[in-house]
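Peer 1: below are the sequence and a predicted model for it; my questions follow.
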Amino acid sequence: MLRRTKIVATLGPASADPKVIDSMVETGVDVVRLNFSHGTPEEHIQRADTVRSAARARGRTVGVLVDLQGPKIRIGKFREGKIHLNNGDPFILDSRCGQGTQERVGLDYKGLPGDVGRGATLLLDDGRIVLWVEKVEGEEIFCKVVQGGVLSDNKGINRQGGGLSAAALTEKDIEDIATAAQLKADYLAVSFPRSGADMRQARELLRAAGGKGMLVAKIERAEAVDALEEILEASDAIMVARGDLGVEVGDAAVPALQKRMIRMARERNKLVITATQMMESMIYNPIPTRAEVSDVANAVIDGTDAVMLSAETAAGAYPVESIAAMHRVCVEAEKEDEPLLGQYRMGKVFSRVDESIAMAAIFTANHLNVRAIAALTESGSTCLWMSRMQSGVPIYALTPEVETRRKVTLFRGVYPVNFKTASTDREQLLIEAENELRRRGAVRDGDLIVLTIGEPIGQSGGTNTLKIVRVGAHAGP
């Protein structure tokens, strides 16, 4: 059974070896994530090359997602590396402090004193340490410890309810966008965007650097939830980044928000990745917990395009096993998918012919016993629209464009096929497409398939024809 939900896996020390990367590709990773919070530009470029070489050798296409670091909203370092705070202790966050002590620590984010006042609640180390702000004097934030514990170097800071003014794109991010363009990233993820303007700025910078990748907004600020409509409008995809998001809005609010974000993204023809701690226990264990299995399965059933592994594959002891486990869970969860035979998008007036063809293809496939959909595509847009409508019918993106094949690696239920032909005759192209699917074992004689194509041949955005074909009914080879 083909897996429709895509798997994104983060590369890191545990998956730097080319042999491990090859095993990850063999096991089924669809997109690799390069975390630009760590490593050098040269290391990232080399890893992207290694992944693409491994994919070519195995006859596969694997996408590359560059994840920008974003603003460093963190404390500084301690003289002894860490301290222990007790409930009720006074503690100072001091942007001028060098080496931290039991009484105070420095700030990488120098703007924090201007963002908070008396009564604010600050959450450190993913909410493990809770500080209540008593007063702010100059560069010092005087706090009382509400929830104590061990606090070590460079832990992150969130404000409960959001409200930190740090810009989404830092000077480092702007430099890293140029690197993303250089390595031909298929996706660029922007950390901590607050508005659609942040995403538009990132897109302009990427295009100016020569990059053609799609933009992913990581929803991890409370403000981003409020601005979700405009962020979706300005992005190609969103990531449900449950770590920082859970700290800012409260962990209990995350499941419902996740479902809402997946639904909103799909309704607006956008992609969605569900991320953070999906199989966290597999950093140390060869099998996931039952709770993690349920978490992944629920995201799949809700319609996420992709599920993501972070530390599991970047730093864990079982990177390949994590991908294999996620694959098993996705395949089982997808058995619960039921094609939508009802009124999905029936009330919508389409403004584009190619979008109408895409919806007609899925509607036909869901109501007829169709084995596969073959979309001859230049840009991949037709496949994106098809993938928004729930269906158990595989969608094959037949394209000569390598960038398009890499892009569709994130589209749920879409499979890239390298399809090159010298023919410009529509009927001949459809016959060649049918033969390609038959050669791959996707269909066999007697099966029904839906084919979509555009004229003039080779023109992006021109899909205007749908044809239903019974395999083997023509006189071709």
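Peer 2: Here it is on my side, so go on. Computed from a predicted model, the values in this text were never measured in an experiment. Numbers count the residues shown, from 1 in each chain.
Peer 1: only C-alpha atoms from now on, for both contacts and neighbour counts.
Peer 2: OK.
Peer 1: for the record, mean pLDDT for the helix or strand harbouring Leu466?
Peer 2: For Leu466, the enclosing helix or strand under DSSP states H and E is strand 463-470. If you average the pLDDT over strand 463-470, you get 89.
Peer 1: who's in contact with that strand?
Peer 2: 353-354, 357, 361, 377, 382, 445-455 (C-alpha atoms under 8 Å, 6 or more residues apart in numbering).
Peer 1: ok, of those residues, which come out buried?
Peer 2: When neighbours are counted using 16 or more other C-alpha atoms under 10 Å, the contacts of strand 463-470 contain these buried positions: 354, 357, 361, 377, 382, 447-454.
Peer 1: out of these, which are inside helices?
Peer 2: Among the buried ones among the contacts of strand 463-470, the members falling in helices (DSSP state H) are Asp354, Ile357, Ala361, Thr382.
Peer 1: gap between the second one and Glu233?
Peer 2: Spelled out, that is Ile357. Here Ile357 is placed at a distance of 23 Å from Glu233 (C-alpha to C-alpha, to the nearest Å).
Peer 1: for Met24, what are its contacts?
Peer 2: Neighbours of Met24 in contact, by C-alpha under 8 Å, 6+ apart: Pro319, Val320, Ile323.
Peer 1: dump these into a markdown table; add neighbour count, secondary structure and distance to Tyr187 as well.
Peer 2: Formatted as a markdown table, these follow (neighbours: other C-alpha atoms under 10 Å; DSSP: H, G, I helix; E, B strand; the rest coil; distance: C-alpha to C-alpha, whole Å):
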| residue | neighbour count | secondary structure | distance to Tyr187 |
| --- | --- | --- | --- |
| Pro319 | 28 | helix | 22 |
| Val320 | 25 | helix | 23 |
| Ile323 | 24 | helix | 20 |
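Peer 1: name the nearest of these relative to Ser195.
Peer 2: Using C-alpha to C-alpha, Ile323 is the member of those that lies nearest Ser195, at 32.9 Å.
Peer 1: how close does that closest one sit to Ile21?
Peer 2: Ile323 is 11 Å from Ile21, by C-alpha to C-alpha.
Peer 1: how many neighbours does Glu336 have?
Peer 2: When neighbours are counted by other C-alpha atoms under 10 Å, Glu336 registers 11.
Peer 1: renumber starting at 148 from here on
Peer 2: From this message on, residue numbering opens at 148, which makes the last subject Glu483.
Peer 1: contacts only, for it.
Peer 2: Ile448 are the contacts of Glu483 under C-alpha under 8 Å, 6+ apart.
Peer 1: rerun at 10 Å
Peer 2: When the contact criterion is C-alpha atoms under 10 Å, 6 or more residues apart in numbering, the partners of Glu483 are Ala444, Val447, Ile448.
Peer 1: quick one: what helix or strand has it in it?
Peer 2: Assigned by DSSP H and E, Glu483 falls within no helix or strand.
Peer 1: quick check: the gap between it and Gly450.
Peer 2: Distance, Glu483 to Gly450, using C-alpha to C-alpha: 11 Å.
Peer 1: picking that back up, buried sites along the strand holding Leu613?
Peer 2: Those would be Thr610, Asn611, Thr612, Leu613, Val616, Arg617, for strand 610-617 by 16+ other C-alpha under 10 Å.
Peer 1: would you format the residues you listed as TSV with distance to Arg413 included?
Peer 2: Formatted as TSV, the buried residues of strand 610-617 follow (distance: C-alpha to C-alpha, whole Å):
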residue	distance to Arg413
Thr610	21
Asn611	23
Thr612	24
Leu613	23
Val616	29
Arg617	31
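Peer 1: show me which pair in the buried ones among the contacts of strand 610-617 is furthest apart.
Peer 2: Farthest pair in the buried ones among the contacts of strand 610-617, by C-alpha to C-alpha: Asp501 and Asp594, 24.8 Å.
Peer 1: which of the ones in helices among the buried ones among the contacts of strand 610-617 sits closest to Tyr256?
Peer 2: Comparing these against Tyr256 with C-alpha to C-alpha places Thr529 closest, at 43.4 Å.
Peer 1: what's the closest non-adjacent residue to that closest one?
Peer 2: Distances taken as C-alpha to C-alpha, 6 or more residues apart in numbering put Ala505 closest to Thr529, at 5.6 Å, once the chain neighbours are dropped.
Peer 1: that older thread, identify those among the contacts of strand 610-617 that sit within strands.
Peer 2: Leu595, Ile596, Val597, Leu598, Thr599, Ile600, Gly601 (DSSP state E).
Peer 1: so what's the last one up against?
Peer 2: If you count contacts by C-alpha under 10 Å, 6+ apart, Gly601 has them with 501, 504, 522-525, 573, 607-613.
Peer 1: what kind of secondary structure is the nearest residue to Tyr431 once chain neighbours are set aside in?
Peer 2: Nearest non-adjacent residue to Tyr431, counting by C-alpha to C-alpha, 6+ apart: Ala464, 5.8 Å away. Assigned with DSSP: H, G, I helix; E, B strand; the rest coil, Ala464 falls in the coil class.
Peer 1: isn't Ala464 up against Val167?
Peer 2: No. In this structure, Ala464 is not within contact of Val167 by C-alpha atoms under 10 Å, at 11.6 Å.
Peer 1: now do the shared contacts for the two.
Peer 2: In contact with both Ala464 and Val167: Ala161, using C-alpha under 10 Å, 6+ apart.
Peer 1: more neighbours: these two, which one.
Peer 2: Set Ala464 next to Val167 and count neighbours by other C-alpha under 10 Å: Ala464 wins out with 18 against 15.
Peer 1: now do the helices in the stretch 198-347 of the chain.
Peer 2: 259-262, 318-329, 343-355 (DSSP state H, counting those that start in this stretch).
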